[in-house]
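> below is the structure, and that's it, no one-letter string:
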């Protein structure tokens, strides 16, 4: 670089001169050289973060269009648009303008549907991305903070989604707000005051839509953008993770450089995501607000649910009984200043499951780090089966979430599977407690079984189904050995041993250390050791005599 | 007038006033509530229809409802249910009942329209009840917007705002309303079949019922403005569609993009 700077570069074409002019002033080529050589490993499961990012870009674009026509006012008006079944009805200006976007603004309905479908896809992509990161152990050092940023992004996207869901001021969104209002009012002592503060008086008031609008189009998107910037910055700093394989280790990244292959692929992928969303929006209705009618606190429609990402909290509310055996969960406690209500049947389901899920989610990288005392950097991912306890914890959490998620659609489960709504609720209540435990046990056993299968294949090769009779009359099935590359995948992982408590400098094993040892046993007591080199050699010698002919056959399993 | 004002402090004046007031409100109430009174419109049926209806009843219905429709352990008495109830229950195939269960299910209709009318004629003679609706309320030419509002306030909590149906407790449900004839809608409102409440003429006027029917006809005819409606079941079907179809397609593309040609 220093040598070329001495002799001024003379571009020959006009394009070259313009490019050079810009480059000399902003230093674009340096950035391009740096970013263009960033390497991305090839795996489909690495693409969900990109899907989320692209959905967010689509949300910004379609959302900008919608702001041109949406009016977040709760002033009363009479509908006079082209949708006949609502003609002349009294409604808020917000609902009126959303109906106008849907029926009287050219292209308005498809933009609304693009915005809503993209929102559902955004949160789904964020969630799947987080599941991938968790189950492959990509949250380990040095990425713990980025995991936290991702968790914050998930919460922000839920908040962004919910505020958007509430804006049209139709019956569905108003019912959703009513539930939020109920949850807020369930907070002891201060709940009512917070509710009055938020709604500017008694629910629904005339202020909430414009307030939510401010959150939805300014504050939360700005926070999401900031978090995305931090998230991507850390991705650049940490470099990409990769799945285990021959030649891959914690000091390299094996894949294609960003430029030109991945730049083209990523650019194309944006248009693919955009295209899929546009197609879906063109052919499938989402949030048909004209069905629900204007918000009015008295009616409610059957099948009133939040969008999917809030569903699990709604489900928890549906699962909670008002009475536990003969004990009411709503108490009226007399205080010197008056009677305060403690409505545990609302407070517990609204806050506790979400509290558990998010606390564990944020704390998990540190929990595992504390248990394993592993302070090394990890850039090579774990296959989920090679971290059986982590996988089992993830599955338990996933089932915990899914039980509540299913409970949010308990009425539709009842009608569509022709079962009793009460029975659905009772079963889901049982599964709420038993499901995660069963999920933990089963997925851990499945992981260990898969590890044993891997070990078996690494040591003895793949079964070919060919039976050979030996000269002395014995029948044997031929095994085909894997090649070294495929075998590496099956043996190249770590399987830590459970640790005893380590005494401190005074020779005492502290209580904390004992707890750590107990957790370590919980994590690593059941383990399948990867096949060692000695075992592999011994295993192969045993087979070589009879299986020489099978070596050349390709193995298609991995 | 003078005599009245002189006696206004009489010890019994308060009692007299109370009696007067009660008589007045009671009388007014009686007058007003006559609109609620179920009137059997038996004049529209011939005696032959009634006779035929009784024969059909004895042969097909008396097993559960008892001879003379006085009710048994398996079926209620039909005195006072009216012709409209018979027309709805038999006309939609809910009766004769397929099996005892949380609620009567729709099934292929067992009687032709003439036989249904004859059964209705017979049951209408057993006691006063809602009559068959008048044709002027069934034309579907009311105000769809008013009907929509009435529907959302009175019906949507069970039938869903888009009339796609919904769940009730213990295996009972409110059915979807697409494909139900206008007469059956009206009869359902006035008789409250299964677990449905009765919406009598004081609750929702006949004109209101006509508006509701108009609204249901309109949303059924207009289709879904935004594309396939996914069952009009709200965010659950939308979420399910996203997590299966949309995410499935996206994953397909990610696999394609990251696959190697070699």
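Everything's here; your move. Note that the coordinates shown come from a computational prediction; the quantities given were computed from them, not determined experimentally.
> tell me the pLDDT at the closest residue to chain A within the stretch 101-250 of chain B?
Nearest to chain A in the stretch 101-250 of chain B, going by CB to the nearest CB, is residue B:166, at a distance of 2.5 Å. Where you see a C-beta, it was placed from the backbone N, CA and C, and this is true even at glycine. Confidence at residue B:166, expressed as pLDDT, is 91.
> that one - how many residues pack around it?
The burial count assigned to residue B:166 is 25, neighbours taken as other CB atoms under 10 Å in any protein chain shown.
> where does the chain dip in pLDDT?
Went with chain A since none was named. Counting by pLDDT under 70, chain A shows low-confidence ranges at A:1-7, A:540-558.
> my question was about chain B
In chain B, residues with pLDDT under 70: B:1, B:31-43, B:261-262.
> next up, the contacts around residue 150.
All of this is about chain A. Applying CB atoms under 8 Å, 6 or more residues apart in numbering or on different chains, we find residue A:150 in contact with A:126, A:129-130, A:133, A:231.
> correction: the question concerned chain B.
Counting by CB under 8 Å, 6+ apart, the residues that residue B:150 touches are B:204, B:208, B:211-212, B:215.
> contacting chain A as well, which ones from these?
On the criterion CB under 8 Å from any CB of the partner chain, residue B:215 are the entries of these that sit beside chain A.
> a markdown table for the contacts of residue B:150, including secondary structure and neighbour count?
Formatted as a markdown table, these follow (DSSP: H, G, I helix; E, B strand; the rest coil; neighbours: other CB atoms under 10 Å in any protein chain shown):
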| residue | secondary structure | neighbour count |
| --- | --- | --- |
| B:204 | coil | 21 |
| B:208 | helix | 22 |
| B:211 | helix | 25 |
| B:212 | helix | 26 |
| B:215 | helix | 26 |
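> tell me which element residue 100 falls in.
Chain wasn't specified; assuming chain A. Residue A:100 belongs to helix A:93-103 when assigned by DSSP states H and E.
> got the phi/psi numbers for the spatially closest residue to residue B:105 that is not a sequence neighbour?
The spatially closest residue to residue B:105, leaving aside those adjacent along the chain, is residue B:98, at 6.0 Å (CB to CB, 6 or more residues apart in numbering or on different chains). Dihedral angles phi and psi of residue B:98 (degrees, to the nearest 10) take the values phi -70, psi -50.
> next one: residue A:498
phi -60, psi 140.
> likewise for residue B:174?
phi -100, psi 120.
> could you do residue B:183 as well?
phi -60, psi -40.
> returning to what we had before: let me have the contacts of residue B:150 in CSV, extended by distance to residue A:216.
Output for those, formatted as CSV (distance: CB to CB, whole Å):
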residue, distance to residue A:216
B:204, 38
B:208, 38
B:211, 36
B:212, 35
B:215, 32
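> burial measure for whatever residue of the stretch 101-250 of chain A ends up closest to chain B, as a count.
For the stretch 101-250 of chain A and chain B, the shortest gap (CB to the nearest CB) falls at residue A:120, measuring 4.5 Å. Counted by other CB under 10 Å, the residues lying close to residue A:120 total 26.
> do residue A:148 as well
Residue A:148, neighbours per other CB under 10 Å, totals 16.
> in what helix or strand does the residue of chain A found nearest chain B lie?
Residue of chain A nearest chain B, by CB to the nearest CB: residue A:302 (2.5 Å). Remark: residue A:302 resides in no helix or strand, with elements defined by DSSP H and E.
> for it, grab phi and psi.
Per degrees, to the nearest 10, the backbone of residue A:302 is at phi -60, psi 150.
> repeat for the one 5 residues further on
For residue A:307, the backbone dihedrals (degrees, to the nearest 10) come out as phi -60, psi 160.
> contact partners for the residue lying closest to it once chain neighbours are set aside?
Spatially, and ignoring its direct neighbours in sequence, residue A:307 is nearest to residue B:235 (4.9 Å; CB to CB, 6+ apart). If you count contacts by CB under 8 Å, 6+ apart, residue B:235 has them with A:172, A:287, A:305-308, A:311.
> that older thread, tell me the contacts of the residue of chain A closest to chain B?
A:411, B:156-161, B:165-167, B:174.
> among those, which are in helices?
A:411, B:156-159 (DSSP state H).
> report the two of the residues you listed separated the most.
Distance extremes for these: the farthest pair is A:411 and B:156 at 13.4 Å, using CB to CB.
> okay, those two: which has more neighbours?
Applying other CB under 10 Å to residue A:411 and residue B:156 shows that residue B:156 carries more neighbours, namely 26 against 23.
> show me what from the stretch 1-150 of chain A comes close to chain B.
A:42-48, A:51, A:83-89, A:102-103, A:109, A:113, A:117, A:120-121, A:124-125, A:128.
> kindly recompute the last result at 7 Å.
A:42-44, A:47, A:51, A:84-89, A:109, A:113, A:120-121, A:124 (CB under 7 Å from any CB of the partner chain).
> could you list the domains of chain B?
B:42-124, B:135-222 (automatic domain parsing).
> deepest-packed of those domains, please.
domain B:135-222 (a mean of 20; mean count of other CB atoms under 10 Å in any protein chain shown).
> just how off-centre is that one within its chain?
Domain B:135-222 has its C-alpha centroid displaced from the chain centroid by 7 Å (CA atoms, centre = their mean, to the nearest Å).
> now stretch B:97-112
16 Å.
> so how far is the first residue of that stretch from its last?
End-to-end distance for stretch B:97-112: 16 Å, by CA to CA, to the nearest Å.
> can you give me the strands for chain A?
A:39-40, A:76-78, A:90-92, A:256-257, A:323-324, A:327-328, A:330-335, A:338-343, A:462-469, A:475-480 (DSSP state E).
> dump those to CSV, plus mean neighbour count.
Listed next are the strands of chain A as CSV, based on neighbours: other CB atoms under 10 Å in any protein chain shown:
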stretch, mean neighbour count
strand A:39-40, 18
strand A:76-78, 13
strand A:90-92, 19
strand A:256-257, 15
strand A:323-324, 10
strand A:327-328, 10
strand A:330-335, 11
strand A:338-343, 14
strand A:462-469, 12
strand A:475-480, 15
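> now do stretch B:161-177: everything it contacts.
Contacts with stretch B:161-177, where a contact means CB atoms under 7 Å, 6 or more residues apart in numbering or on different chains, come from A:171, A:291-293, A:301-303, A:411, A:414-415, A:419-422, B:102-103, B:152, B:158-160, B:178, B:195, B:216, B:219, B:231-233.
> which residues in chain B form strands?
Under DSSP E, chain B gives strands at B:166-167, B:173-174.
> who does the last one pair up with?
If I follow you right, that is strand B:173-174. strand B:166-167 (antiparallel) (DSSP bridges).
> what sits against the most centrally placed residue in chain A?
For chain A, residue A:127 is the residue whose C-alpha lies nearest the centre (CA atoms, centre = their mean; 1.4 Å). Each residue near residue A:127 by CB under 7 Å, 6+ apart is listed here: residue A:154.
> run the last query once more with 8 Å
Applying CB under 8 Å, 6+ apart, the residues near residue A:127 are A:154, A:309.
> re earlier: who does the helix holding residue A:100 touch, helix- and strand-wise?
Secondary-structure packing of helix A:93-103 (3 or more CB pairs under 8 Å, 6 or more residues apart in numbering or on different chains; DSSP states H and E): helix A:48-69, strand A:76-78, helix A:108-135, helix A:289-292.
> name the helices or strands packed onto the shortest one?
Using 3+ CB pairs under 8 Å, 6+ apart as the contact test, the elements touching strand A:76-78 are strand A:90-92, helix A:93-103.
> and residue B:185, how far from residue B:174?
From residue B:185 across to residue B:174, the span is 13 Å (CB to CB, to the nearest Å).
> thinking again about what came up before, tell me who's in contact with the residue nearest to residue B:105.
B:104-105, B:107.
> ok, back up a step: got the ones in helices among the contacts of residue A:302 as a markdown table, with distance to residue A:215 columns?
Formatted as a markdown table, the ones in helices among the contacts of residue A:302 follow (distance: CB to CB, whole Å):
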| residue | distance to residue A:215 |
| --- | --- |
| A:411 | 30 |
| B:156 | 29 |
| B:157 | 30 |
| B:158 | 34 |
| B:159 | 34 |
